[in-house]
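[1] Build me a structure from this.
(one chain, ligands or ions: 1)
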Amino acid sequence: MEQRVIKIAAIFMVLFMAVTCVVLFYLPGFHEKMVAAQEQTMSQEDAGMHMDMVEIGSTDGAAEEEITFSQQLRITLPDGVTQEQVSIQDQYVTQTVDIMFPGAGTDYLYHSPIIGRSDHIDNLTFESEGGQGVIEITLDKVFEVQPTFLDGYLYLDFIPLHDIYDKVVVIDAGHGGNMPGATIGGQCEKDIDLAIVLQLKQIFEENPDSRIGVYYTRVDDTNPSFEDRVGLANKSDADLFISVHNNSTVSGKTSSVNGTAVMYDELKEDNGHGTKELAQICVDEVSGALGSRNRGIINGNEIYIIRNSEVPVALIEVGFMTNATELQNLSSPEYQRQTAQGIYNAIMRAFQEGF
Ligand SMILES: [Zn+2]
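    Below you'll find the predicted structure:
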């Protein structure tokens, strides 16, 4: 098993290379080996900020090679590998991009150095398994990857989301995987939360708007960490971060308590568009769409994803699973669709109101 997976340790610390650029400046010998070329316009102050023309892989002779591409990363494809054989997966939640292609043995990097000029690459690894090469790039923010295939090279550009969209919204379905949330009457909260989010996804797809980019922390029965959930919102500089949950009484016993509530960060009220205003829009629109009791907005700073959100955040508690009628409603696709419509309306209204 270990023999099949070879990690090239030398390329692990691209970020370190960038950060230590200033230090390396004073160590000319080492510097020349690690940095293939350096833009003449780059000031010493900038040196610590840029991964400028860093070469990963072979260091022999390539320093003299004239490199004139403008994209952020250049990957040499193995001989004969076509565009159709290359698979690129952008995993937004972890800000990792996997590039998979055949014909890459464990010595691939020695013949095919990767040239980078991006200051957004935190880490880069290469693995080879049975000739299938996987380059994994970890970025410092959420980007859309734009590939260009030319003359045996794959060039990659990392496009900030707000260069593509006017507005970015991140949607989070609560819980997932081995964290079911409340489980009442055989119903798991994670499934109801996800069903609502998938209905919302469908509404966005039925109403395409090229100005709005929508990203999801999960669209299946997985359980991203809290850090990854709020990280997706923060690292995409989202305009809105909406988390979908359902409520239950503290005892977990069936009761008459029912209705929709929205949590916000009471400690971030004064930061421009406070989350209180967003929470109010959400609770009004969702309870309005459902005809459920409007329980108003609730302080939620103790909730990790609310407290750590650097963007306007609202956590919607759609209904009470401990209420028999509401649980029955929440389990039905029609009610889930109505909920999604309410959330969609809230998002559109929030954008109209300047979020
Ligand atoms: Zn929950």
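[2] what packs against the one helix or strand E144 maps to?
    Applying DSSP states H and E as the criterion places E144 in strand 143-150. Contacts defined by 3 or more C-beta pairs under 8 Å, 6 or more residues apart in numbering; DSSP states H and E place strand 143-150 against strand 87-91, strand 153-160, helix 161-164. In short, each C-beta sits where N, CA and C put it, glycine included.
[3] Pick the most deeply packed of those.
    Ranked by mean neighbour count under mean count of other C-beta atoms under 10 Å, the helices and strands packed on strand 143-150 are led by strand 153-160, which reaches a mean of 18.
[4] Can you give the strand pairings for that one, parallel or anti for each?
    strand 73-76 (antiparallel), strand 143-150 (antiparallel) (DSSP bridges).
[5] Assign L200 to helix, strand or coil.
    Following DSSP: H, G, I helix; E, B strand; the rest coil, the label given to L200 is helix.
[6] and it, how many neighbours does it have?
    L200 has 26 neighbours, counted by other C-beta atoms under 10 Å.
[7] from what I can see it touches I343, true?
    Yes - at 5.5 Å, L200 counts as touching I343 under the criterion of C-beta atoms under 8 Å.
[8] which residues do the two both contact?
    Counting by C-beta atoms under 8 Å, 6 or more residues apart in numbering, the common neighbours of L200 and I343 are V244.
[9] Arrange the helices and strands packed on strand 143-150 in TSV, one row each, with distance to L290 as further columns.
    Below are the helices and strands packed on strand 143-150 laid out as TSV (distance: least, C-beta to C-beta, whole Å):
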stretch	distance to L290
strand 87-91	33
strand 153-160	36
helix 161-164	31
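[10] Just tell me which of those ends up closest to the ion.
    With C-beta to the ion, the closest approach to the ion among the helices and strands packed on strand 143-150 belongs to strand 87-91: 23.9 Å.
[11] Next, the angle strand 153-160 makes with the closest one.
    Angle, strand 87-91 to strand 153-160, by axes from the mean of the first three to the mean of the last three C-alpha atoms, to 10 degrees: 20 degrees.
[12] So what touches strand 87-91?
    Contacts of strand 87-91 (C-beta under 8 Å, 6+ apart): 97-101, 143-145, 147.
[13] still on that earlier bit, what's the closest of the strands paired with strand 153-160 to the ion?
    Comparing these against the ion with C-beta to the ion, the closest turns out to be strand 143-150 (29.8 Å).
[14] Now that closest one: buried residues?
    Across strand 143-150, burial judged by 16 or more other C-beta atoms under 10 Å covers 143, 145, 147.
[15] Looking at these, which is nearest G213?
    The shortest gap between G213 and any of these belongs to F143, at 11.6 Å (C-beta to C-beta).
[16] can I get the buried residues of strand 143-150 in a markdown table with pLDDT and distance to the ion?
    Shown next, in a markdown table, are these (pLDDT from 0 to 100; distance: C-beta to the ion, whole Å):
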| residue | pLDDT | distance to the ion |
| --- | --- | --- |
| F143 | 97 | 30 |
| V145 | 97 | 32 |
| P147 | 96 | 38 |
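[17] right, and L198 touches D220 too?
    No - L198 lies out of contact with D220 (C-beta under 8 Å); the separation is 9.1 Å.
[18] Of these two, give the one with the bigger neighbour count.
    L198 (16 against 10).
[19] residues contacting the more buried one?
    If you count contacts by C-beta under 8 Å, 6+ apart, then L198 has V219 around it.
[20] Need phi/psi at S248.
    Listed backbone geometry of S248 is phi -150, psi 160, with angles given as degrees, to the nearest 10.
[21] How about E317?
    Torsion angles at E317 (phi, psi; degrees, to the nearest 10) stand at phi -100, psi 100.
[22] The stretch 101-250 of the chain against the ion: which residues are in contact?
    Residues of the stretch 101-250 of the chain lying close to the ion by C-beta under 5 Å from the ion are 174, 181, 245.
[23] When you compare pLDDT across these, which one is lowest?
    Lowest-confidence member of those: G181, scoring 95 (pLDDT).
[24] Just give the nearest non-adjacent residue to it, would you?
    Leaving aside its sequence neighbours, G181 sits nearest to E189 (C-beta to C-beta, 6 or more residues apart in numbering; 3.0 Å).
[25] Hmm, that neighbour is touching I196, no?
    No - using C-beta under 8 Å, E189 is not in contact with I196; the gap is 10.7 Å.
[26] Name the residue in those two with the higher neighbour count.
    Using other C-beta under 10 Å as the criterion, E189 and I196 rank with I196 on top: 29 against 25.
[27] give me the element the more buried one is part of.
    With DSSP H and E as the test, I196 turns up in helix 189-206.
[28] Now find how far off-centre that helix is within its chain.
    Relative to its chain's centre, helix 189-206 lies at 18 Å (C-alpha atoms, centre = their mean, to the nearest Å).
[29] okay, the buried residues of strand 143-150 in JSON lines with distance to Q328 next?
    JSON lines is the format used below for those (distance: C-beta to C-beta, whole Å):
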{"residue": "F143", "distance to Q328": "43"}
{"residue": "V145", "distance to Q328": "44"}
{"residue": "P147", "distance to Q328": "48"}
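[30] Would you mind checking which of the residues you listed is nearest to G131?
    P147 (21.3 Å).
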